[in-house]
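> Any chance you could fold what I've pasted below:
(one chain, ligands or ions: 1)
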Amino acid sequence: MGVRGEYLASDPGTLGVPRLSVLMIRTALAYLATGFLVGALLLIHRAVPLENWLHRLVPLHIEYLLLGCLVQLALGVAFWVLPRFRSGAERGQEAPAWVAFALLNLGIQTVAIGGAAGAPSTLGLLGRCVEGLAAGAFALHAWPRMKVFRSEDRGS
Ligand code: HEM
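Numbers count the residues shown, from 1 in each chain. Now for the predicted structure:
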């Protein structure tokens, strides 16, 4: 069952997925696969103890699935579907959203790899601060695009 023609936008560009969303969604799927793989390892390790250090991968498992996958997927889809502007750049200021993508992944890696390597907890805290900055940067991008839908906004 396909999408009926009358429900498709007339401009093909309207249906395209922006580059940042493609990147974020693909990155989220990569985190999902890695997170599940590590989860499976942890599960096997519970039944048949493998290596002592494996338990140190629990924070990585959590970080990859909750922030790497779920949060990143939400931001990637939000960048794509939030209302666009009629004039000027249609998604407004994109730079803060790109900064958010970079900071989010830097923060995730700092928390996950720092945790797995047994680094001091201050590194984890630093990673969380970087993730916080990512949230702030994305809010800066998304804030002006958040508006109440009115019937006169509907295209002619
Ligand atoms: C979206 C999917 C998932 C999320 C959000 C998630 C999240 C979590 C969280 C928060 C914990 C920590 C629980 C605690 O501290 O008590 C955990 C532990 C665990 N997860 Fe997942 N998980 C997911 C998928 C999976 C999958 C697919 C597997 C296995 C194939 C798995 C295997 C495990 C195991 C074995 C533990 C316990 C590790 C240990 O304490 O030794 N998880 N998970």
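> okay, CA-based contacts and neighbour counts for the rest of this
Fine.
> Which helix or strand contains the residue lying closest to Cys129 once chain neighbours are set aside?
Spatially, and ignoring its direct neighbours in sequence, Cys129 is nearest to Gly107 (7.6 Å; Cα to Cα, 6 or more residues apart in numbering). Taking DSSP states H and E as the definition, Gly107 sits inside helix 95-116.
> Now do the buried residues in that helix.
For helix 95-116, a neighbour-count test (16 or more other Cα atoms under 10 Å) marks 96-101, 103-116 as buried.
> The helix or strand harbouring Ala142 packs against which elements?
Assigned by DSSP H and E, Ala142 falls within helix 121-142. For helix 121-142, the packing partners by 3 or more Cα pairs under 8 Å, 6 or more residues apart in numbering; DSSP states H and E come out as helix 95-116.
> tell me the mean pLDDT for the helix it packs on?
Helix 95-116 carries an average pLDDT of 97.
> close to the ligand, is it?
No: applying Cα under 6 Å from any ligand atom, one finds helix 95-116 separated from the ligand by no less than 13.0 Å.
> starting at the chain centroid, how far to that helix?
10 Å (Cα atoms, centre = their mean, to the nearest Å).
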